[in-house]
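Asks: Just to be clear, the model below is a prediction. Sequence and coordinates:
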Amino acid sequence: MAKPKVLFLLSPGWNALGKDSFSHDSYEAVIHGRDDYAPGDITYFSGFRPAPGFLKTLPNLQAVFSLGAGVDAFLVDPEFPRHLPLTRFVNPTLAHEMAQYVTMHVLIAHRGQREFDAAQASCEWKQRMLARASRDTRIGILGLGDIGGSVATSLLPFDFPVSGWSRTRKDIPDVKSYAGEGEMDAFLAASDYLVCVLPLTPATRGILNARLFAKLPKGAVVINVARGGHLIEDDLIAALDSGHLAGAVLDVFQVEPLPVESPIWKHPKITATPHIAGITDPMAARDYVVDCVARAESGKPLPNLIDVGKGY
Ligand code: NDP
Ligand code: OXD
């Protein structure tokens, strides 16, 4: 029997990887942009951000395996074949990388490391105490799923009081759980650092806006590692410039790559990184695709299926 064909759309960061990295005995790997193929021969698609309308051109597609944890790029495509099963990449190493990124930036801001960097540049010996003890510095995490949960537990050993907000209530030891719209204001009022790890859905698009910032304590820091579509960038800059917010760390942007003319690049209170907080490991990605294909071919349930109605 002919093997199923899996079409891989590789992220630019994976361009140096050979086809071997994605091949397996159980399927024929086809690399978009490198291999010739007939659209009608493709059984499964695996990738991160296909161009809108692209998946519709594969008439015999049976399932889609996202190589990212977030699937918003698939679901914003009005022509995405919504009847197909769509899975997402869930992986402990990815969650740990995201937790490392957030923990590192919370600690840099909490300890005032940017001031020490500036002092070193001018050979200044400038000692000072911490502005605030960890036990008095409250961290709030928007989204307490696979990644948000990992971020929360990574921050606990430093003595920060940690809470999270999600749609449904969570039971993570030592992490205070707020759930639903009705508990959001109380959650925000208790977040000196606000970390966004929500999926981008119609319900969460633009959630980081002027109204939300006004509900944070004065001097709060916002960290967005989720999606650029969560953040109204002009509202953030206004809240930083007015002094209401003390700083922001952004890994994701409305437009990626972040355009050179964006004021974000040079804003003194913003740290910006190029969507690298958590990077899908190609070997783990291949294992995930192998597992998905095996299950799909034997009629077993697929892992980490997206509820297309909810958007995550
Ligand atoms: P999950 O699906 O595991 O978790 C999502 C969390 O958000 C859940 O706790 C969910 O609540 C909550 N949530 C969703 N919608 C709402 C809502 N309307 N109101 C309140 N809570 C809501 O996702 P992951 O943790 O795996 O990933 C989160 C996001 O991180 C991804 O979608 C992606 O955008 C981003 N990401 C960014 C990376 C980067 O490099 N910058 C790398 C990897 C991921 P409930 O549990 O109650 O359903
Ligand atoms: C993801 C990402 O969603 O890398 O996995 O942003």
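Replies: Sure thing, it's come through. A quick note: this is a predicted structure, and the numbers were derived from the prediction, not measured. Ligands and ions are numbered 1, 2, ... in the order given.
Asks: Give me every residue in the stretch 51-200 of the chain lying close to ligand 2.
Replies: When proximity is defined as C-beta under 6 Å from any ligand atom, the stretch 51-200 of the chain approaches ligand 2 at 68-70. C-betas here are computed from N, CA, C, even on glycine.
Asks: Can you say which of these are buried?
Replies: Neighbour-count burial (16 or more other C-beta atoms under 10 Å) applied to those gives 68-70.
Asks: Ligand 1 next: which of those are close?
Replies: 69-70.
Asks: per-domain residue ranges of the chain.
Replies: 5-91+280-298, 92-272 (automatic domain parsing).
Asks: Just send those domains back as TSV, with mean pLDDT too.
Replies: Output for these, formatted as TSV (pLDDT from 0 to 100):
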stretch	mean pLDDT
domain 5-91+280-298	97
domain 92-272	98
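Asks: Mind putting these into JSON lines with distance to V308?
Replies: Below are these laid out as JSON lines (distance: least, C-beta to C-beta, whole Å):
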{"stretch": "domain 5-91+280-298", "distance to V308": "5"}
{"stretch": "domain 92-272", "distance to V308": "11"}
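Asks: export the buried ones among the residues of the stretch 51-200 of the chain next to ligand 2 to TSV and tack on secondary structure?
Replies: Formatted as TSV, these follow (DSSP: H, G, I helix; E, B strand; the rest coil):
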residue	secondary structure
G68	coil
A69	coil
G70	coil
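Asks: ok, so of the buried ones among the residues of the stretch 51-200 of the chain next to ligand 2, who is nearest ligand 1?
Replies: G70 (2.8 Å; C-beta to the nearest ligand atom).
Asks: ok, how many other residues are close to V175?
Replies: 21 (other C-beta atoms under 10 Å).
Asks: Near the residue in the stretch 51-200 of the chain that ligand 1 sits nearest to, how many other residues are there?
Replies: For the stretch 51-200 of the chain and ligand 1, the shortest gap (C-beta to the nearest ligand atom) falls at G145, measuring 1.8 Å. Other residues within reach of G145, judged by other C-beta under 10 Å, total 19.
Asks: From H24, how far out is it?
Replies: Distance, G145 to H24, using C-beta to C-beta, to the nearest Å: 29 Å.
Asks: got it, and F160?
Replies: 43 Å.
Asks: Close to ligand 1: what parts of the stretch 51-200 of the chain are there?
Replies: 69-70, 94, 98, 143-148, 166-168, 197-200.
Asks: give me that answer again for 5 Å
Replies: Within reach of ligand 1 by C-beta under 5 Å from any ligand atom, the stretch 51-200 of the chain has these residues: 69-70, 143-147, 166-168, 197-199.
Asks: again with the stretch 201-312 of the chain
Replies: 203, 225-227, 251, 277-278, 312.
Asks: For ChimeraX, write a command that selects the buried ones of those residues.
Replies: Command for ChimeraX that selects the buried part of those, burial taken from 16+ other C-beta under 10 Å:
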select :225,226,227,251,277,278,312
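Asks: Dump the residues of the stretch 201-312 of the chain next to ligand 1 to a markdown table, plus secondary structure.
Replies: Shown next, in a markdown table, are those (three-state DSSP):
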| residue | secondary structure |
| --- | --- |
| A203 | coil |
| V225 | coil |
| A226 | coil |
| R227 | coil |
| D251 | coil |
| A277 | coil |
| G278 | coil |
| Y312 | coil |
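Asks: out of the residues of the stretch 201-312 of the chain next to ligand 1, who's near ligand 2?
Replies: Answer for those near ligand 2: none qualify (C-beta under 5 Å from any ligand atom).
Asks: Tell me where this protein has helices.
Replies: 72-75, 92-110, 113-121, 146-155, 184-189, 210-214, 233-241, 282-298 (DSSP state H).
Asks: which stretch among these comes nearest A29?
Replies: helix 282-298 (8.7 Å; C-beta to C-beta).
Asks: Please list the outside residues in contact with the closest one.
Replies: Helix 282-298 has contacts (C-beta atoms under 8 Å, 6 or more residues apart in numbering) with 4, 6, 8, 14, 17, 21-22, 24, 26-27, 44, 46, 62-63, 65, 67, 85, 87, 89, 91, 93-94, 300-303.
Asks: Over to stretch 69-80?
Replies: 48-50, 52-56, 64, 66, 86, 88-91, 94, 146-147, 199-201, 226-227, 229, 278, 306, 308, 311-312.
Asks: Return the members of those classed as buried.
Replies: 48-50, 54-55, 64, 66, 86, 88-89, 91, 94, 146-147, 199-201, 226-227, 229, 278, 306, 308, 311-312.
Asks: Just these: which are in strands?
Replies: 64, 66, 86 (DSSP state E).
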